[in-house]
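Colleague: what would the 3D arrangement of this be:
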Amino acid sequence: MDDTDAAFDAELLTELTETSGVPGHEDRIRDVVRRELDGVTDRMRSDAMGNLVGTVEGASDFAVVVAAHMDEIGFIVRHVTDEGFLQLDALGGWDARILKAQRVWVHTDDGDVRGVIGSPPPHTLDEEEREERSKVEDVYVDLGLPADEVRARVAVGDLVTVEQTTVRTGDHVTGKALDDRVCLLAMLEAARRLDDPAVTVHFVATVQEEVGLRGAEAVGVDLDPDLAVALDVTVANDVPGFEAGDYVTELGEGVAVKLKDSSVLTNPKVTRRLRDVAEANGIDYQLEVLPSGGTDTGQFQRSSGATAAGALSVPTRYLHTPTESAHVDDVATTVDLLTAFLDAETGETDYTL
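Modeller: Numbering: from 1, shown residues only. All right, here's what the predicted structure looks like:
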């Protein structure tokens, strides 16, 4: 990706987004995150689910969790047909309408195999078939190989991700898995910048968010933080076809400070402090009220009893598609606000209500 005018590591964002890592199988992306946290944290550990925690020791035992999830939506092979086509089961929320005619990678024990999701030519379909609702269960992957070779190379349980590159389009960055690799980038950038914090900060790359916020629930119990700030993308419906009241957020207007989503009502004192820090540092921000969709924030808020929790979001168009798009300035303000918030945290603020 062209890094012109990007106030963040654009090369790293490209690597993060283009590396595969579906729920429960985040091995490759975890290796990238581990490499980046090495040397900027005092210690690292992972757990039996695959959550990765890099800790920066502070002057006090007051513990802050900063979390972004590693997993991307993808698929698992559920059947190989006699003709050598692959049938899939979804890992995460897909709109099956967008899947036809996509290129994919099938990740096998013997390496990655490229395939395409087939789509019959429209002029061969009758009216009923054209109006039929698409389902993930009905798509198939064509590897372009003889059936016996497919059966020899691919097994039930192999993983599938969309093949896509990350590029700049004007002021936007677009590609697959910005959800939530753009927030992994923000977390890693903040870890690089954080210097001698007053509190202990756990930088957590969670797993299995896309299938029910599962990793955050487990690691939240293990860490039992005093304060949690989760990072995720959020809806930006600032495109034709939506009224302004349904935008949720707008690209180019700054990092979003979350007020609610389906999983959480953020702590008002945490939200107020995020806004105060943004205003004190001249950082552009907007407020997010997300009608549906959950994030790791909710699990951290209650996994070990009541925890003060807030969230920052990167406004993103076309979520859960291979062309997710975010504004480079919004990515930069997310990094800036997260870093400033951590620098300002002393552990002395009373977040009880």
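Colleague: now Arg34, what's its secondary structure?
Modeller: Counting by DSSP: H, G, I helix; E, B strand; the rest coil, the backbone at Arg34 sits in helix.
Colleague: ok, and the closest non-adjacent residue to it?
Modeller: Leaving out its chain neighbours, the residue that sits closest to Arg34 by C-beta to C-beta, 6 or more residues apart in numbering is Leu52, at 6.1 Å. C-betas here are computed from N, CA, C, even on glycine.
Colleague: was I right to think the one you found contacts Ile29?
Modeller: No. Using C-beta atoms under 8 Å, Leu52 makes no contact with Ile29, being 9.6 Å away.
Colleague: hey, what's the residue nearest to Arg34 bridged with?
Modeller: Ser46, Ala205 (DSSP bridges).
Colleague: and it, how far from Met70?
Modeller: Leu52 sits 8 Å away from Met70, going by C-beta to C-beta, to the nearest Å.
Colleague: quick one, helices of this protein?
Modeller: Counting by DSSP state H, the chain has these helices, from start to end: 10-18, 27-37, 127-131, 147-153, 178-193, 214-223, 268-280, 296-302, 328-344.
Colleague: so can I have a markdown table of those showing mean neighbour count and distance to Thr249?
Modeller: Shown next, in a markdown table, are the helices of the chain (neighbours: other C-beta atoms under 10 Å; distance: least, C-beta to C-beta, whole Å):
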| stretch | mean neighbour count | distance to Thr249 |
| --- | --- | --- |
| helix 10-18 | 20 | 19 |
| helix 27-37 | 18 | 25 |
| helix 127-131 | 8 | 33 |
| helix 147-153 | 14 | 43 |
| helix 178-193 | 25 | 14 |
| helix 214-223 | 22 | 22 |
| helix 268-280 | 17 | 15 |
| helix 296-302 | 26 | 16 |
| helix 328-344 | 23 | 9 |
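Colleague: show the pLDDT at Ser304.
Modeller: The model reports Ser304 with a pLDDT of 83.
Colleague: now Pro120
Modeller: So, for Pro120, pLDDT stands at 60.
Colleague: same question, His123
Modeller: So His123 comes in at 45 (pLDDT).
Colleague: for Val173, what are its contacts?
Modeller: Val173 is in contact with 1, 6, 10, 13, 166-167, 182, 325-326, 328, 331, counting by C-beta atoms under 8 Å, 6 or more residues apart in numbering.
Colleague: cutoff 6 Å now
Modeller: 326, 328 (C-beta atoms under 6 Å, 6 or more residues apart in numbering).
Colleague: perfect, that will be all.
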